[in-house]
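*Asks:* I need the structure of the sequence given here:
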Amino acid sequence: MFNVLCKLVLLAVYGVALASYATPLPLSADAIGWLRVAALALLAAHALEVVFCFRKVSLHKGPLLDSVLLTLLFGFLHWKPMADVARQAR
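*Replies:* Just a heads-up that it's a prediction; the model follows:
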């Protein structure tokens with residue numbers, strides 16, 4: 001449940017950051033600026049996760065591109081459960 005809640009929060013951050021480019025939001029300019037920076041920093045950190053944790057990212061049972069995109073959005077919230085299951089199976 002915690003994993004799902006964290007994923008929803010990440011989607012909300014990305015969604016509000018994207019919406020801030022399309023329409024005026026009832027937030028201050030500083031808040032919108034920080035939100036955009038936070039969303040960009042999250043995407044950058046998750047891009048590094050794709051590179052450094054590629055072996056774990058590739059454990060996804062679906063297409064590799066799906067796993068890469070999900071890791072870009074959710075980071076370790078996507079690949080960590082798969083890595084835990086693979087480690088327990090050994």
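
*Asks:* Please report phi then psi for residue 59.
*Replies:* phi -70, psi -10 (degrees, to the nearest 10).

*Asks:* other SSEs contacting the longest helix anywhere in the chain?
*Replies:* The residue-count maximum for a helix in the chain (DSSP state H) belongs to helix 29-52. Applying 3 or more Cβ pairs under 8 Å, 6 or more residues apart in numbering; DSSP states H and E, one finds that helix 29-52 contacts helix 2-22, helix 64-74. Backbone N, C-alpha and C define where each C-beta goes, glycine included.

*Asks:* The helix or strand following the shortest one vs helix 29-52, what angle?
*Replies:* By that I understand helix 64-74. Counting by DSSP states H and E, the element after helix 64-74 in chain order, helix or strand, is helix 76-89. Angle, helix 76-89 to helix 29-52, by axes from the mean of the first three to the mean of the last three Cα atoms, to 10 degrees: 30 degrees.

*Asks:* helices or strands up against helix 76-89?
*Replies:* Packing partners of helix 76-89 (3+ Cβ pairs under 8 Å, 6+ apart): helix 2-22, helix 54-57, helix 64-74.

*Asks:* run the last query once more with 10 Å
*Replies:* Applying 3 or more Cβ pairs under 10 Å, 6 or more residues apart in numbering; DSSP states H and E, one finds that helix 76-89 makes contact with helix 2-22, helix 29-52, helix 54-57, helix 64-74.

*Asks:* buried residues in the least confident helix or strand in the chain by mean pLDDT?
*Replies:* Within the chain, no helix or strand scores below helix 76-89, which has a mean of 90 by mean pLDDT, DSSP states H and E. Within helix 76-89, the residues that count as buried by 16 or more other Cβ atoms under 10 Å are 76, 77, 78, 79, 82.

*Asks:* ok, these vs residue 90, which is closest?
*Replies:* Nearest to residue 90 among those: residue 82, at 13.4 Å, using Cβ to Cβ.

*Asks:* contacting residues for that closest one?
*Replies:* By Cβ atoms under 10 Å, 6 or more residues apart in numbering, the residues touching residue 82 are 56, 57, 58, 59, 60, 61, 67.

*Asks:* coming back round to it: need the winner for burial among the helices and strands packed on helix 29-52.
*Replies:* By mean neighbour count, with neighbours taken as mean count of other Cβ atoms under 10 Å, helix 64-74 ranks first of those at a mean of 16.
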